[in-house]
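Asker: Predicted structure and sequence below. I'll ask about it afterward.
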There are 2 protein chains.
Amino acid sequence: MTEDRLLDWLRRRLGPSLLGDDAAVLPAGRPIAVTVDSQIAGTHFVPDLDPAVVARRLLAVNLSDLAAMGTEPAYAFLALSVPAEFDARRFLAAFVAACRQHGVELAGGDLARSPVATATLTLLGRRGQGGRWLHRSGARAGHRLWLGGTVGESAAGQRLVALGARPKGRTIDLPPGFQPSAAARRAVRRHLTPVPQLELGRWLGRHSRQGGALDVSDGLARDLHRLCRESAVGAVVEADALPLAPGFAALAGALDADPLALALSGGEDYVLLFTLPAGVAPPEAFGCREIGTITKRSGVFLRRGGRSELLPAIGWDHLGG
Amino acid sequence: MTEDRLLDWLRRRLGPSLLGDDAAVLPAGRPIAVTVDSQIAGTHFVPDLDPAVVARRLLAVNLSDLAAMGTEPAYAFLALSVPAEFDARRFLAAFVAACRQHGVELAGGDLARSPVATATLTLLGRRGQGGRWLHRSGARAGHRLWLGGTVGESAAGQRLVALGARPKGRTIDLPPGFQPSAAARRAVRRHLTPVPQLELGRWLGRHSRQGGALDVSDGLARDLHRLCRESAVGAVVEADALPLAPGFAALAGALDADPLALALSGGEDYVLLFTLPAGVAPPEAFGCREIGTITKRSGVFLRRGGRSELLPAIGWDHLGG
């Protein structure tokens, strides 16, 4: 069973529920948003990865969910289950330091033994001052489709880590002789410690009156399908408009990978995918790129070389093989 | 490193924080309480246990934390990481059904693959109508010490499960020829599906003006040490007053265990341990038992046969061997 099918089944069982966005907005006096995400050794990171890097990554991927809701992070609840040889102290020190950088308070948690290092983070946030919540369901026909940054680079970084690349102090050790080295080091960094787009989420919450948003965690194609489904719209993506990192095509080539396939389905990009009415654009400083259009007609299409083709929901399935 | 030492170290690093209670009370318009707890195959349950039982247990142990705070449960966030052969659907169905019984809404979560089934639950609750939050720091010298139910039975149940006892439909399959069978079946049930004392927590929150509370999850002795430390008091426990389940001594004997040691350090009892001023008692229907006294003098003592001895913080350490 795939994750999406299991979630569909669950939502049918639940009836109307808060499920369906990157975080849940709780009906309360002053509403808060809550998100949960895990990092599991062997699934999300190589077991010998520096625990400090795992900690920063855990916080970053959860912050990315809050960014996609236009939410200010506030409180963290950490469940950490690790084998005896895992340096939990190093993990916690890095985690607390990263929390402080983002104004997040570690407010609770749970520790346990497990043969597989597993860290689950629950993050609570508040709506930004004067802003609105961003939802996946906010895309409308005619909106322009935007990406907050490049895609595919994290997937290239993941392949490099699988080949033996590791962080070492302030640099990245690459597999011997690997070229292009600058693009490869950037890709590994991008994969291991993504930078959540909180400022962009804040801007969208305050300055855009309309538009849907989510963060690209499971691949652009797959997450775009989710955005379209929640908004009951379709989309056309311009292949030539997809933002790629410098040297990305050469890097993909060195990894025997198709750059377009990595960009569309690599996943763990942690950039915001959002829509805005035509004529509205985020400030240039955010480095966003317009990549297509939201359509009334359902279906997600990729246009390249003057032709349109159906873009399937390729990407990462958390319960897949 | 032990869990408590690691937590001490962490709290020193954090400075003033919300850590230290069973759940965190968040400073907000209408305050909410948040708690997090995990169930991990091989650590908290045998890997072949029915996923529906794991789900009910996960909710119950988290609800017990909210009960200890005098909190009404409201929202659940579930992170579930399981191997392919784990019946996630069966787990989720039982989980949602158990949530409904307690008026809890599953409001978010995360699914992932892991070689070790791991379920982490974050529960949010509100303060009961007209009640107060219960804290570990509320015990005062002269208070009477109370237990919400029997202790040691869950630990006996855990040993039976290790010997092969399993739930089967509405009954419990015991190891062949095991006696006493009725007490053994009750102990296995008590271990696998504890009943959180939400009503008792509600009563304490509404009707007691003073007193500390927590739930006994890591053993009576260990958790009593925590209560005393947070309240800066000591305690004397009367060994003869400890509430034990019917047939418990015989059951412990059949398991080659000392009943008093099981009662003091077995853990996973999920009953409330609380203090009340002298002369105040919970309604008899709750079946609580007065087991000792809170003292100004620090130290936790056990009195039996007219003699007092120091009671060390024996019990379950989540990061222990």
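Answerer: Structure's in. What do you need? Numbers count the residues shown, from 1 in each chain, chains lettered A, B, ... in the order given.

Asker: Do you have the strands of chain A handy? List them.
Answerer: For chain A, the strands defined by DSSP state E cover A:24-25, A:32-40, A:71-82, A:105-113, A:118-127, A:144-147, A:166-168, A:171-173, A:213-215, A:234-238, A:272-276, A:289-295, A:300-304, A:307-310.

Asker: pLDDT below threshold where in the stretch 1-150 of chain A?
Answerer: Where the stretch 1-150 of chain A drops to pLDDT under 70, the residues are A:1-30.

Asker: residues contacting residue A:71?
Answerer: Neighbour list for residue A:71: A:23, A:33, A:125, A:126, A:127, A:128, A:133, A:201, A:205 [criterion: Cβ atoms under 8 Å, 6 or more residues apart in numbering or on different chains]. Using the backbone N, CA and C atoms, a C-beta is placed for each residue, glycine as well.

Asker: If we use 7 Å, what do you get?
Answerer: Taking Cβ atoms under 7 Å, 6 or more residues apart in numbering or on different chains, we find residue A:71 in contact with A:23, A:33, A:125, A:126, A:127, A:128.

Asker: JSON lines please, covering those and showing distance to residue B:82 and neighbour count.
Answerer: Formatted as JSON lines, the contacts of residue A:71 follow (distance: Cβ to Cβ, whole Å; neighbours: other Cβ atoms under 10 Å in any protein chain shown):
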{"residue": "A:23", "distance to residue B:82": "23", "neighbour count": "26"}
{"residue": "A:33", "distance to residue B:82": "26", "neighbour count": "25"}
{"residue": "A:125", "distance to residue B:82": "28", "neighbour count": "27"}
{"residue": "A:126", "distance to residue B:82": "32", "neighbour count": "17"}
{"residue": "A:127", "distance to residue B:82": "33", "neighbour count": "19"}
{"residue": "A:128", "distance to residue B:82": "35", "neighbour count": "20"}
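
Asker: Return the member of the residues you listed nearest to chain B.
Answerer: Taking Cβ to the nearest Cβ as the measure, chain B lies nearest residue A:23 of those, at 6.7 Å.

Asker: returning to what we had before: any chance of the contacts of residue A:71 in TSV with distance to residue B:151 as columns?
Answerer: Below are these laid out as TSV (distance: Cβ to Cβ, whole Å):
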residue	distance to residue B:151
A:23	39
A:33	39
A:125	39
A:126	41
A:127	45
A:128	48
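
Asker: just to revisit the earlier point, nearest to residue B:237, out of the strands of chain A?
Answerer: The closest of the strands of chain A to residue B:237 is strand A:105-113. By Cβ to Cβ, the value is 26.6 Å.

Asker: these two touch, right, residue A:265 and residue A:219?
Answerer: Yes - at 4.2 Å, residue A:265 counts as touching residue A:219 under the criterion of Cβ atoms under 7 Å.

Asker: which of the two has more neighbours?
Answerer: residue A:219 (26 against 22; other Cβ atoms under 10 Å in any protein chain shown).

Asker: Count residues in the vicinity of the residue nearest to the more buried one when sequence neighbours are not counted, would you?
Answerer: Distances taken as Cβ to Cβ, 6 or more residues apart in numbering or on different chains place residue A:315 nearest to residue A:219, at 2.5 Å, with adjacent residues excluded. For residue A:315, the neighbour count with other Cβ under 10 Å is 23.

Asker: what do residue A:265 and residue A:219 both touch?
Answerer: A:314, A:315.

Asker: hang on, the earlier thing: can I get the strands of chain A in CSV with distance to residue B:230?
Answerer: Output for the strands of chain A, formatted as CSV (distance: least, Cβ to Cβ, whole Å):
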stretch, distance to residue B:230
strand A:24-25, 31
strand A:32-40, 26
strand A:71-82, 19
strand A:105-113, 15
strand A:118-127, 23
strand A:144-147, 49
strand A:166-168, 39
strand A:171-173, 45
strand A:213-215, 39
strand A:234-238, 54
strand A:272-276, 42
strand A:289-295, 53
strand A:300-304, 54
strand A:307-310, 60
